[in-house]
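In: Following is a predicted model, sequence given first.
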Amino acid sequence: MDLYQFKCVLAVAKYNNFNKASSELCVTPPALSQQIKRVEEELDVQLFERTTRSVKILPAGVDFINHANKIMADVSHLEETMQKYAKGTVGTLVIGCVPILREYGIIRWIRSFVDEYPSVAIEFREDECYNLYPLLYSNDIHLAMLTAPTNLKPTNVHLKSYPLACDEFVLIVSKQHPLARRRCVQLSEISDESFIRYSQSSSLFKETVDFCHQAGFSPKFTNFETGSIDTALGFVAENIAVTLLPQKQLAGIQLSNFQIRQIQVRPKVKRTFLMVSKVAHSPEYPIANNFKDYIFNKYNLPLVCQP
């Protein structure tokens, strides 16, 4: 039996009349009668007693109809549930991100999305920027939120990037450093300084290299590496090295505890915080589309796609 045959039996039971039932199903009475006969032959039991004037539901028919109603209700519920998945209103969204969502105000945005889509669960995979790209390709994450500029992305990664926020870098030096009394420095002035070495899979490392190259020199790095800004600031406070850091990442840090200064850099060096997804020709996860559209519409962000 198939679902259509269930519908045929239920329609006849509903009207106790083949003409009315066939009209509802948009078939001819003989075609409907043939479907009922096939069900009865398959089950080897009679469901209806039929005369030229009336239809009577037999005991087997009553039992069949009770079970058929339950089955059709389950099918209807299943279809509704699958539609929710298709529309992206239920399920799990996996976001790969660098661990700076709070500094860029993204936590508040995500909370708002969850309030709007209460049946959507969000899972976060935190990692360095350049470790997130392979996760998009392997479908381990649906979206990435990261800070790697477009010109630093691996050339074989074909993604769509949407700017979420902008930030500006400042120079961080110890209070004992000769530049500590300055309010602004030219990047070329720090060509002889030692820089904190961040993980090479992070955007901070690649951005530092890129900014220095733009100023005409290659940075000299310390012989130790850290992935922690707090640790980096500790070394800076000891006047071991300097570092370039985005202002928004410093917003929640008590800089006085580190005995350091932040100095404006000229020319200005900036970074963009991005939402990244797969290229347009790849099928996109409906929840990811809903998340992207909700964030950009809710907070009036320009939906500008960078290649």
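Out: All right, it came through fine.

In: rest of the way, CA atoms for contacts and neighbours
Out: Fine.

In: Give me the nearest residue to Ser199, chain neighbours excluded.
Out: The shortest distance from Ser199 to any non-neighbouring residue, by Cα to Cα, 6 or more residues apart in numbering, is to Gly227 (5.6 Å).

In: what number of residues lie near that neighbour?
Out: Gly227: 16 surrounding residues under other Cα atoms under 10 Å.

In: One more: Arg183?
Out: Arg183: 12 neighbours (other Cα under 10 Å).

In: Thought Gln264 was touching it, still the case?
Out: Yes - counting by Cα atoms under 8 Å, Gln264 is a contact partner of Arg183 at 6.2 Å.

In: Packing partners of the lengthiest strand in the chain?
Out: Using DSSP state E, we find that the single longest strand of the chain is strand 159-174. Packed against strand 159-174 by the contact rule (3 or more Cα pairs under 8 Å, 6 or more residues apart in numbering; DSSP states H and E) you find helix 229-237, strand 243-246, helix 247-250, strand 260-266, strand 270-278.

In: Now tell me what touches the second one from outside.
Out: Defining contact as Cα atoms under 8 Å, 6 or more residues apart in numbering, one finds that strand 243-246 is touched by 167-173, 195-196, 204, 208, 232, 236, 270-271.

In: which of those are buried?
Out: Listed as buried from these are 167-173, 195-196, 204, 208, 232, 236, 271; burial here means 16 or more other Cα atoms under 10 Å.

In: Mind jotting down where the helices sit in the stretch 101-250 of the chain?
Out: Under the criterion DSSP state H, counting those that start in this stretch, the stretch 101-250 of the chain contains helices at 106-116, 129-137, 203-214, 229-237, 247-250.

In: Now the shortest one: buried residues?
Out: Taking 16+ other Cα under 10 Å as the basis for neighbour counts, the residues of helix 247-250 that come out buried are 247-249.

In: returning to what we had before: now for the helices and strands packed on strand 159-174, which one comes closest to Val90?
Out: strand 270-278 (19.5 Å; Cα to Cα).

In: quick check: angle from that closest one to helix 129-137?
Out: Relative orientation of strand 270-278 versus helix 129-137 (axes from the mean of the first three to the mean of the last three Cα atoms, to 10 degrees): 20 degrees.

In: Now do the same contact list for the closest residue to Leu255 other than its chain neighbours.
Out: The shortest distance from Leu255 to any non-neighbouring residue, by Cα to Cα, 6+ apart, is to Arg261 (7.7 Å). Each residue near Arg261 by Cα under 8 Å, 6+ apart is listed here: 172-175, 180, 255.
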